[in-house]
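# After the sequence you'll find the predicted model.
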Amino acid sequence: MVVSVETVNVWRMFSSTTTLLYLLVPALSLFYIYYRISKRRMFELLSKIDGPSGLPLVGNALEFVGDPHTTFKILYERSFEFEHGTPVKIWIGPRAVVFLTDPRDVEVILGSHVHIDKSPDYRLFEPWLGDGLLISTGEKWRAHRKLIAPTFHLNVLKSFINIFNKNSRSIVEKMGKNGSKDFDVHEYMGEATVEILLETAMGVDKGTQDREANEYVVSVMKMCDILHMRHRQVWFRPEIIFQFTKYAKAQERFLQIIHGLTNKILQAKKSDYLKKKQLAASEAESEVSKKQEKEKAQVKLEENKSQKPEITEGVGVSYGQSVGLKDDLDVDDDVGEKKRQAFLDLLIESAENGTVLTDKEVREQVDTIMFEGHDTTSAGSSFFLCLMGSHQDIQDKVYEELESIFKGSDRPCTFQDTLEMKYLERCLMETLRMYPPVPMIARQVKEEVTLPSTGAILPADCTVIIGTFKLHRNPKIYPNPEKFNPDNFLPENSANRHYYSYVPFSAGPRSCVGRKYAVLKLKVLLSTILRKFRVVANKDEKEWQLQADIILKRTDGFRVILEPRKKVKTVA
Ligand code: HEM
């Protein structure tokens, strides 16, 4: 029998493939057995936590590959398969994620000083936010938090009121140009919040063009889309795969725009800081030379008592001019800025001294505050306005309250006014209950944690997600939770509520540093809009399409119509 060369080659290939399989299958089986044994405790603990059934190997991962709205809808609808508040586990491939929605369980995680580590999902933010406050952990986070938190103290915030007012009026004017057409209010809220952040926290004069703020807002939204896509479609997570996709190129482009703006802010601020430092140094120098000149003049005077003291007069004039300039331009400014202690001023100063922060760390914190401070507030304010548009009776009550405060005048809002906006504040709190801009908070637990709700134990290194959206809609805590009802926040209705049953700003040691800033700014911004316009929204709340791409948003857009209110008394 003659055997051809081809037959021999095929046979060789077959036998080598078979050998490979013979080796691979037992190796994989052994690895799997080793994995199950080494993780026995983890599997044992997780088996006691309820969850939807999934497929072998991939678990529930395939349920999240659809578009963002469908994914959110599926996740929320499936949550009703389990009793409100019970911990629920899902598998994303080999990784278990446990959702917590009982306030007692939430407290154990958010209230802890131990479980402060963010889940690995936040690492996707790294090329954008570096190791800023949102992501960092351990001593670095503690030190930076201590430094940054006071820059959002109420005393600092009070000095921002004029900037809040000015920018709110400017955006009201811009929105008014839409006439009776409906438009997406989120774009305007995004632009206003970026401009306000630049002028307040960053202390940068309004040098940015509107186009730049707009480009920034759009790039942040697109970056969130990419990150969210990578969260849902897990095969895009490893850098080794992601870098070859079209999304990596898009990410690079968006980051160029985002970092372009933050770099510009930093450069402007640094040169400002250096100029001030130089000025302070030259003032100190002129103080010294003035003292020396004075001494010399004194000596001369004593040497020749009959001579006129011309030098003293000369020095005096020069000194006077310099003081005059300083008084008019710098001193007022200095006093204002020192009083303000804006976030970026403090950071740049700390970086100059070189002990607390490096330049890179300042950049990361600026990117973090720009992201955290703008996308959350623009979503919150857009939801608020849409809710006002859908609930005219409630909007009327807000307007009535504003009328009682401003009495028909269009004067700017004061800090005291914001304290009197009690009903508006309740509407804002209720908006953040129903539509929390951060609908999920993820943590990685360092050690085993017993959950008070069921006694179940979370294994060490497990990812937990605080499901804020679901937690805020627990009927045992909020009667009729799908209904927009600002009275949920009447003191008598909220007094006995568990502290961790309302966490739009998170809570505990890693709570939002910008909470007071956000509420004050939103009160000024939203009251300015409602004093000028009645908001009308044609779509029923039930038809809204939600997506939770990091920040909760409406896929169908935040469309409203603004109707001018009657003329008010103008105050310059
Ligand atoms: C309605 C507006 C806002 C909402 C709903 C909100 C919500 C939150 C939430 C839920 C967290 C915790 C996130 C997590 O642990 O994953 C957080 C953290 C943070 N927020 Fe906000 N935020 C808002 C506005 C702001 C503003 C205006 C700023 C700054 C100007 C800001 C700065 C931060 C920072 C720096 C963190 C990280 C804090 C840390 O980990 O120590 N936020 N925010």
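That came through fine. Numbers count the residues shown, from 1 in each chain.

# in the protein, what residue is nearest the ligand?
Closest approach of the chain to the ligand (Cβ to the nearest ligand atom) occurs at G514, with a separation of 2.1 Å. Every C-beta, even on glycine, is put in place using the N, C-alpha and C of the backbone.

# ok, now which ones touch that residue?
With contact taken as Cβ atoms under 8 Å, 6 or more residues apart in numbering, G514 is in contact with F152, I369, E372, G373, T376.

# Can you get me a residue count around R515?
By the measure other Cβ atoms under 10 Å, the count of residues near R515 is 14.

# Can you give me the neighbour number for the closest residue to it other than its chain neighbours?
Distance criterion Cβ to Cβ, 6 or more residues apart in numbering; nearest residue to R515, sequence neighbours excluded, is F505 at 4.4 Å. Close neighbours of F505, defined as other Cβ under 10 Å, add up to 19.

# restrict the contacts of G514 to those near the ligand?
I369, E372, G373, T376 (Cβ under 6 Å from any ligand atom).

# how about V464, secondary structure?
strand (DSSP: H, G, I helix; E, B strand; the rest coil).

# shouldn't it be in contact with L458?
Yes: counting by Cβ atoms under 8 Å, L458 is a contact partner of V464 at 6.4 Å.

# which parts of the helix or strand S170 falls within are buried?
Here S170, judged by DSSP states H and E, is contained in helix 161-176. By 16 or more other Cβ atoms under 10 Å, the buried positions in helix 161-176 come out as I161, I163, F164, N165, N167, S168, R169, S170, I171, V172, M175.

# and what of stretch 196-208?
Buried residues in stretch 196-208 (16+ other Cβ under 10 Å): I196, L197, L198, E199, T200, A201, M202, G203, V204, T208.

# Could you measure from the first one over to L432?
What that stands for is I196. Applying Cβ to Cβ, to the nearest Å, the value for I196 to L432 is 19 Å.

# residues contacting F343?
Contacts of F343 (Cβ under 8 Å, 6+ apart): I148, T151, F152, A201, M202, G203, Q365, I369.

# Just the pLDDT for the last one.
By that I understand I369. pLDDT, I369: 92.

# Please name the nearest non-neighbouring residue to it.
I369's closest residue in space is A201 (Cβ to Cβ, 6+ apart), at 5.7 Å.

# secondary structure class for that neighbour?
A201 - assigned by three-state DSSP - is coil.

# if we can go back for a sec, which one in the contacts of F343 is the model shakiest on?
Least confident of those in the model: G203, at 83.

# Spatially, what comes nearest to that residue if we skip its sequence neighbours?
A342 (3.9 Å).

# And for the one you found, the neighbour number?
By the criterion of other Cβ under 10 Å, A342 has 24 neighbours.

# I'd like to know how far it sits from L274.
A342 is 17 Å from L274, by Cβ to Cβ.

# go on, D131?
Distance check for D131 against L274: by Cβ to Cβ, it reads 26 Å.

# just T19 next, same as before
Computed with Cβ to Cβ, the distance linking T19 and L274 is 69 Å.

# Can you tell me which residue is spatially central in this structure?
E372 (1.6 Å; Cα atoms, centre = their mean).

# picking up where we left off before, list the contacts for the residue nearest to G203?
T151, V156, T200, A201, M202, G203 are the contacts of A342 under Cβ under 8 Å, 6+ apart.

# how about those in JSON lines, adding distance to the ligand?
Formatted as JSON lines, the entries for the contacts of A342 read as follows, by distance: Cβ to the nearest ligand atom, whole Å:
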{"residue": "T151", "distance to the ligand": "9"}
{"residue": "V156", "distance to the ligand": "11"}
{"residue": "T200", "distance to the ligand": "8"}
{"residue": "A201", "distance to the ligand": "5"}
{"residue": "M202", "distance to the ligand": "10"}
{"residue": "G203", "distance to the ligand": "13"}
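
# Show me the shaky parts of this structure.
1-10, 13-14, 206-211, 284, 286-291, 297-341, 353-355, 567-572 (pLDDT under 70).

# just the strands in it please.
For the chain, the strands defined by DSSP state E occupy 88-92, 95-100, 183-184, 441-444, 449-450, 457-458, 463-466, 533-536, 546-549, 551-554, 559-564.

# so which of the ones you listed comes closest to N480?
strand 546-549 (19.1 Å; Cβ to Cβ).

# Write out the residues of the stretch 251-400 of the chain neighbouring the ligand.
With Cβ under 6 Å from any ligand atom as the criterion, the stretch 251-400 of the chain meets the ligand at residues T368, I369, E372, G373, T376, T377, G380.

# what's in contact with stretch 416-430?
With Cβ under 8 Å, 6+ apart as the criterion, stretch 416-430 contacts 380, 384, 387-388, 394, 397-398, 401-402, 405-406, 484-490, 502, 519-520, 522-524, 526-527, 530.

# Now list the buried members of those residues.
Among those, those scoring as buried are 380, 384, 387-388, 394, 397-398, 401-402, 405-406, 484-486, 488-489, 502, 519-520, 522-524, 526-527, 530 (criterion: 16+ other Cβ under 10 Å).

# what's near enough to touch the closest residue to S168 other than its chain neighbours?
Spatial nearest neighbour of S168, excluding adjacent residues (Cβ to Cβ, 6+ apart): T528 at 3.8 Å. By Cβ under 8 Å, 6+ apart, the contact list for T528 reads N165, S168, R169, V172, C413.

# Next one: T528 from E173, what distance?
The value you get for T528 to E173, if Cβ to Cβ is used, is 10 Å.

# same deal with I33?
In terms of Cβ to Cβ, I33 sits 69 Å off from E173.

# So which residues on the stretch 1-150 of the chain come close to the ligand?
L133, L134, R145.

# Can you get me a residue count around the first one?
The burial metric for L133, expressed as a neighbour count using other Cβ under 10 Å, is 20.

# Give the closest residue to L344 in space, chain neighbours not counted.
Here the residue nearest L344, using Cβ to Cβ, 6+ apart, is M202, at 4.7 Å.

# Which parts of the stretch 251-400 of the chain are helices?
310-325, 332-340, 343-353, 359-390, 392-406 (DSSP state H, counting those that start in this stretch).

# List the contacts of stretch 18-33.
By Cβ under 8 Å, 6+ apart, stretch 18-33 touches no other residue.

# list the buried ones in that stretch?
By neighbour count with 16+ other Cβ under 10 Å, stretch 18-33 contains no buried residues.

# May I have it exported as CSV, CA atoms only?
Extracted C-alpha coordinates of stretch 18-33, given in CSV (Å, rounded to 0.1, in the frame of the first residue of the first chain):
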residue,chain,number,x,y,z
THR,A,18,-5.0,14.7,20.1
THR,A,19,-1.9,14.8,22.2
LEU,A,20,-2.5,18.5,23.0
LEU,A,21,-6.1,17.8,24.0
TYR,A,22,-5.0,14.9,26.1
LEU,A,23,-2.7,17.3,28.0
LEU,A,24,-5.0,20.3,28.0
VAL,A,25,-8.2,18.7,29.2
PRO,A,26,-6.6,17.2,32.3
ALA,A,27,-4.6,20.4,33.0
LEU,A,28,-7.8,22.5,32.8
SER,A,29,-9.7,20.0,34.9
LEU,A,30,-6.9,20.0,37.5
PHE,A,31,-6.8,23.8,37.5
TYR,A,32,-10.6,23.9,38.0
ILE,A,33,-10.5,21.4,40.8
